[in-house]
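1. build me a structure from this.
(one chain, ligands or ions: 1)
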Amino acid sequence: MKLGIATRLTLWMAVLGCGAAGLTGYYAWDASCRLERQSAHSELLTSTQVLARRITLNLESIERNLQVIARLPVTRQVLEHDRPDDADRLAVLFAGMLDANPSYLQLRVIAADRHGLERVRVDRVGSVPQRVSGADLEEKGHFPYVADALPLQDGAFYLSRISINHETSAGAGPGLPMLQMAIPVREHVGPALGVVVVNVDLNGLFRLLAADLPEDYQLYLANGAGDILIHPDANRAFAFDRGQRALLQDEFAPVAPLLSGDRANAVIDAPEGERPAQIAAFVAQNIDSPANGDRLVLGLSEAESVALAQSTAMGWALLRIVGGTSLVALLGALLLGRALTRPLNAMAASARGFADGHEMKDLPLRRADELGSLARSLYELQAQVRRQLGELRHKQDELAHLSQHDSLTGLANRRLFMDRLEQALALARRHGRRVFLLFIDLDDFKIINDRHGHSAGDEVLRVLAQRLQSQVRELDTVARLGGDEFVVLLGDAVDGAQASVVAHKLLGALREPVSVAGLALDIDASIGVSNFPEDGQSASELLAHADRAMYAIKALGAGGVGFIGQVMPGDASGGIRSVPAG
Ligand SMILES: Nc1nc2c(ncn2[C@@H]2O[C@H](COP(=O)(O)OP(=O)(O)OP(=O)(O)O)[C@@H](O)[C@H]2O)c(=O)[nH]1
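-> Numbers count the residues shown, from 1 in each chain. Below is the predicted model:
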């Protein structure tokens, strides 16, 4: 199928318009996605770093609280003297501290002697601090938070690994992920009297720390081996406690350098797998204590769809804009295509009309653009073609005239004369009319040429031709057969008398002197007359008889008019009858 300019133009413009709008939209959306992703990376990393810093600060705060308790005189007195009053006062303090610190599960003072007997202990039961006393107090000397903390220097503290609390006898937090911190209590010098121990609820601690983070952030925590401690999917946390293994580096491979200490942080674009695509940031945080150090890896993640929500919304908005722009481009292309092709079609129709002989009209001549220029060119072309056609017709007319007329005198030539004679004979046959033919030959014309020159002879021929023409009527035909021979066809002469009158009138006109180059030249002529139907039936027959009559007159030597047809016996002219003038 052949497409027109309008269709092709429309398609091209539509493709270009839609393509340009689509590319612009795509690159704008892509740039927006990249910027928003970078922004999400940066926000996540900063939030994770802030969270890690909060952990450190929180642990420092816990340590400070324990230091304060360890240095209280009442704490030492409880350990040294085991007086109930002191224990009561310390228990009230512990209850107040549990109230003030929701992540504290348990606060205890444990003696170094008596196998590490708990002296003062306050547990959190539900949300209420509750003192444990009397026979419910237990010996804890064999637990690391006692055994490892007692030898510590003043100011140092013990920090347990994060684990699930399996102390079945413990009044608070059984089965919960937990962190224990302990500080020795001593006089200025000498061995420790005991330890102050706090059990911290890990989940509670992180709930507090992460309370002001956006809701869609998900928290990860792993120990130095990569064991997951906190995970959005609770089933993956503390897998080692159930004899399984769930490692953060298995889920997020780029975390491995953080665990080995090669890197401090990592930002990850986790592709879609078991869960939707995520953006995550991880920070390694050393938890140093004189007794045992550990490394924690803390992470925050956000679903990519949430992180890039604005870009997604912008993508849809861009899609609508691109769709609208494409529609406008399509309409514009359609209108432009029509605007361009309508005048072109009109011009094409005009040109076709011109080819069929009509004048070109409705051309957009006043337009200032290329179409206007094309229209003006067409208009000029039309004018030129018309001019040239006119000239051609004129030349054709000239040629036609030349082919039928004598170039010297302008009279009809032999061909035209014979045509007219044939026509006249046909009419005469049909209407039963007569036709008279006069054959005129100038006498001694050669002498004029010889004496006065050929051009003078020409002038004489022209003058005499005009005289002949002026003496006959419009229906009659005067022709020059060549040289000094003329013929006259009398179209409506009815009889010989009328023909004779005309012949003598012509002879008289010829005999008038002709002025050439200041000379008055006398001319004479011999005229032979034949007529249809008496003297012949055909044109050539009539012409030959008129010629014969003319020669017969010429032979008499004095010019004049002679008729053929009525043979006069004994006439020396051989049937030629000389007709006297008038
Ligand atoms: N100037 C001029 N002379 C012509 C033209 N055509 C023929 N002639 C001359 O006309 C003359 C005709 O000569 P002829 O046929 O002998 O006739 P004539 O001299 O009139 O003699 P007769 O007919 O016997 O009276 C010749 O000299 C031709 O050269 C022409 O177009 N112009």
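2. now the longest helix that the chain contains: how far from the chain's centre is it?
-> Counting residues, the longest helix found in the chain (DSSP state H) is helix 5-71. Distance of helix 5-71 from its chain centroid, counting by CA atoms, centre = their mean, to the nearest Å, is 33 Å.
3. near the ligand, which residues of the stretch 401-550 of the chain?
-> 408, 441-446, 449, 454, 457-458, 461, 483-484 (CB under 6 Å from any ligand atom). Heads up, the C-betas are built off the backbone N, CA and C, glycines and all.
4. now, those that are in helices?
-> Of these, the ones assigned to helices by DSSP H are 445-446, 449, 454, 457-458, 461.
5. and those residues, which two are the farthest apart?
-> Using CB to CB, those span at most 13.6 Å, a distance reached by K446 and D458.
6. quick one on the thing from earlier: any idea of the mean pLDDT for the longest helix of the chain?
-> Average pLDDT, helix 5-71: 87.
7. re earlier: of the ones in helices among the residues of the stretch 401-550 of the chain next to the ligand, keep whichever come out buried.
-> Listed as buried from these are 445, 457, 461; burial here means 16 or more other CB atoms under 10 Å.
8. list the contacts of the second one.
-> Pointing back at G457 there. 445, 448-449 (CB atoms under 8 Å, 6 or more residues apart in numbering).
9. save those residues as a markdown table, and put in pLDDT too.
-> A markdown table is the format used below for those (pLDDT from 0 to 100):
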| residue | pLDDT |
| --- | --- |
| F445 | 96 |
| I448 | 95 |
| N449 | 95 |
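10. and these as CSV, adding distance to P214?
-> Formatted as CSV, the contacts of G457 follow (distance: CB to CB, whole Å):
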residue, distance to P214
F445, 130
I448, 131
N449, 129
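11. and which of those is nearest to the ligand?
-> F445 (3.6 Å; CB to the nearest ligand atom).
12. hang on, isn't that closest one packed against F486?
-> No: shown here, F445 and F486 do not form a contact pair, counting by CB atoms under 8 Å, at 11.3 Å.
13. which bits of the chain sit near the ligand?
-> 408, 441-446, 449, 454, 457-458, 461, 483-484, 554.
14. just the C-alpha atoms of the helix or strand just after the longest helix of the chain, please, in PDB.
-> Downstream of helix 5-71, the next assigned helix or strand under DSSP states H and E is helix 73-81. Taking Å, rounded to 0.1, in the frame of the first residue of the first chain, the C-alpha atoms of helix 73-81 are listed here in PDB:
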ATOM      1  CA  PRO A  73      27.300   2.500 100.500                       C
ATOM      2  CA  VAL A  74      24.000   0.600 101.000                       C
ATOM      3  CA  THR A  75      25.100  -1.900  98.300                       C
ATOM      4  CA  ARG A  76      28.300  -2.600 100.100                       C
ATOM      5  CA  GLN A  77      26.500  -2.800 103.400                       C
ATOM      6  CA  VAL A  78      24.000  -5.300 102.000                       C
ATOM      7  CA  LEU A  79      27.000  -7.500 100.900                       C
ATOM      8  CA  GLU A  80      29.000  -7.000 104.100                       C
ATOM      9  CA  HIS A  81      26.400  -7.100 106.800                       C
END
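15. next, the angle from helix 73-81 to helix 5-71.
-> Angle, helix 73-81 to helix 5-71, by axes from the mean of the first three to the mean of the last three CA atoms, to 10 degrees: 50 degrees.
16. so what does helix 73-81 touch, helix or strand wise?
-> helix 84-100, strand 104-111, strand 118-125, strand 177-185 (3 or more CB pairs under 8 Å, 6 or more residues apart in numbering; DSSP states H and E).
17. could you say what helices and strands the last one packs with?
-> Right, strand 177-185. helix 5-71, helix 73-81, helix 144-147, strand 158-159, strand 163-164, strand 194-201, helix 202-209.
18. ok, which stretches of the stretch 351-500 of the chain are helices?
-> 370-404, 414-431, 445-452, 454-471, 496-511 (DSSP state H, counting those that start in this stretch).
19. give the buried residues for the longest one.
-> I take that to be helix 370-404. Those buried within helix 370-404 under the rule 16+ other CB under 10 Å are 371, 374-375, 378, 382, 404.
20. report the beta-bridge partner residues of V514.
-> L521 (DSSP bridges).
21. what's around it, how many residues?
-> For V514, the count of nearby residues is 20 (other CB atoms under 10 Å).
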